[in-house]
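Visitor: Sequence and predicted structure are below.
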Amino acid sequence: MRMKQSAFYNHLALLFISHFFSQIQANHESCPLMLKNIESKVDDLWQSLLHPVALAAKDIKEVYAICEMKPSSTLEAEKPQVTGQVLFKQTYPSGHLETIISLVGFSESDNQARAIHIHEFGDLSNGCDATGGHFNPMNVSHPGHPGDFGNFTPKKGKIKKHRKNIKATMFGPNSILSRAIVIHEQQDDLGEGGNPASLINGNAGKRLACCVIGIGGKTLWQSTFLSLTGNSMKRNAKGSERKSS
């Protein structure tokens, strides 16, 4: 079925291009403008075929995604039972990706840095173990993968972070949509561990929790962002008061 759909879309694209070339032959004096128009329309066509969200994104500009974190079904009961959300926001077609990481489930005294990565498959059929390795479309060494987010240290049992300029994207053939996010038990050694695994996964250890990235709405992003930045402003204000006193 997929092969038939692919063949249909390829045929559609060829017909589309053929139509425009026939228009060029009929209007050869306006070739530069026609070629620019073709380039734009063909790009839009392929973007919509590669990932449907791109077509919708042209109208709404800002695209949002959500990943609902749950403990791995294969995780031992004594390990941290991490839940929460990882949110994304990006402007179509080439804006920088932003993320909000909002996780709970660590003990109050837990100060172990944890690695967070995007993994290749959105498959949770065998807990987080089914998500495969790191999402690595460019076939480069760790920590150069687009979903190598680095390390996050819980504070009072929570991880709350907002990051901009993430290397990954929600658009095109290397979209992170439908892939998995995994939080690991250990710290990412960022490729400096001195062994082969360091350049593959950062020796980050057991997979505690995971989720699959899907399209979301802006309401949750806005409320979470306001909560995060509001708390940060309050902490800064209290710090300024203490210094002034």
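Guide: In hand now; what should we look at? Numbers count the residues shown, from 1 in each chain.
Visitor: doesn't S198 fall inside a strand?
Guide: No - S198 is assigned helix when assessed by DSSP: H, G, I helix; E, B strand; the rest coil, not a strand.
Visitor: what's the domain layout of this structure?
Guide: Domain assignment for the chain by automatic domain parsing gives 2-50, 60-233.
Visitor: As JSON lines, the ones you listed with mean neighbour count would be great.
Guide: Every C-beta, even on glycine, is put in place using the N, C-alpha and C of the backbone. Formatted as JSON lines, those follow (neighbours: other CB atoms under 10 Å):
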{"stretch": "domain 2-50", "mean neighbour count": "12"}
{"stretch": "domain 60-233", "mean neighbour count": "17"}
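Visitor: what about the closest residue to G105 other than its chain neighbours, distance to L75?
Guide: Nearest non-adjacent residue to G105, counting by CB to CB, 6 or more residues apart in numbering: V82, 4.1 Å away. Counting by CB to CB, to the nearest Å, the separation of V82 from L75 is 9 Å.
Visitor: Over to A180?
Guide: 15 Å.
Visitor: go on, G214?
Guide: 22 Å.
Visitor: How about F121?
Guide: Distance of F121 to L75, given as CB to CB: 18 Å.
Visitor: same check, this time on G132
Guide: 18 Å.
Visitor: now A197
Guide: Relative to L75, and taking CB to CB, A197 is found at 21 Å.
Visitor: With F88 instead?
Guide: In terms of CB to CB, F88 sits 25 Å off from L75.
Visitor: What of I183?
Guide: 11 Å.
Visitor: what do you get for P173?
Guide: 33 Å.
Visitor: With H119 instead?
Guide: From H119 to L75 the distance is 16 Å (CB to CB).
Visitor: is it true that S141 touches G191?
Guide: Yes - between S141 and G191 there is a contact at 6.4 Å, judged by CB atoms under 8 Å.
Visitor: who touches both of those two?
Guide: Shared contacts of S141 and G191, defined by CB atoms under 8 Å, 6 or more residues apart in numbering, comprise L199.
Visitor: D188: what's it in contact with?
Guide: Contacts of D188 (CB under 8 Å, 6+ apart): A113, A115, H117, P143, D148, G150, N151, G202, N203, A204.
Visitor: Please produce a markdown table containing these, extended by pLDDT and secondary structure.
Guide: Shown next, in a markdown table, are the contacts of D188 (pLDDT from 0 to 100; DSSP: H, G, I helix; E, B strand; the rest coil):
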| residue | pLDDT | secondary structure |
| --- | --- | --- |
| A113 | 97 | coil |
| A115 | 98 | strand |
| H117 | 98 | strand |
| P143 | 97 | coil |
| D148 | 97 | strand |
| G150 | 95 | strand |
| N151 | 97 | strand |
| G202 | 98 | coil |
| N203 | 98 | coil |
| A204 | 98 | coil |
